[in-house]
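Peer 1: Here is my input; please provide its structure:
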Amino acid sequence: MYLKRSCSLLVLALALLMPSCVYGNFGHPLDTDVNDTTLGSKVGESEMQSVLWLVAWGDSGVAAAARNGGITTIRHLDQRTLYILFGLYYKNTTIVYGD
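Peer 2: This is a model prediction of the structure:
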């Protein structure tokens, strides 16, 4: 009984201490060459969401983000990711900058 309880507590402690397992909200660039980036005058976003690893909806593609922002020339791409409780809820947003 003691060993089973100790293992359960250890697993719970590791899960809570691991970075971004319970909650994660971060962004990063999708471009590889960001030395001379000009963003442009327009911004467009597209997103997809998922719940319980079973249901997903939305379009987080670059084309959808450009269309939503009225962008015809893409200059830079970013991505923002949010997830809660190991991905029980997940949201991915693509951000397009351009003209």
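Peer 1: What strand or helix carries the residue most central in space within the chain?
Peer 2: Centroid-nearest residue in the chain, with C-alpha atoms, centre = their mean: Thr81, separated by 1.5 Å. Assigned by DSSP states H and E, Thr81 belongs to strand 74-84.
Peer 1: Ile71 too?
Peer 2: Applying DSSP H and E, one finds Ile71 in no helix or strand.
Peer 1: burial count for it?
Peer 2: 21 (other C-beta atoms under 10 Å). The C-beta positions use only the backbone N, C-alpha and C, and glycine is treated the same way.
Peer 1: Would you list the phi and psi of it?
Peer 2: Dihedral pair for Ile71: phi -100, psi 130, per degrees, to the nearest 10.
Peer 1: That one contacts Ser41, doesn't it?
Peer 2: No. Ile71 lies out of contact with Ser41 (C-beta atoms under 8 Å); the separation is 9.3 Å.
Peer 1: Now do the shared contacts for those two.
Peer 2: By C-beta atoms under 8 Å, 6 or more residues apart in numbering, Ile71 and Ser41 have these common neighbours: Asp99.
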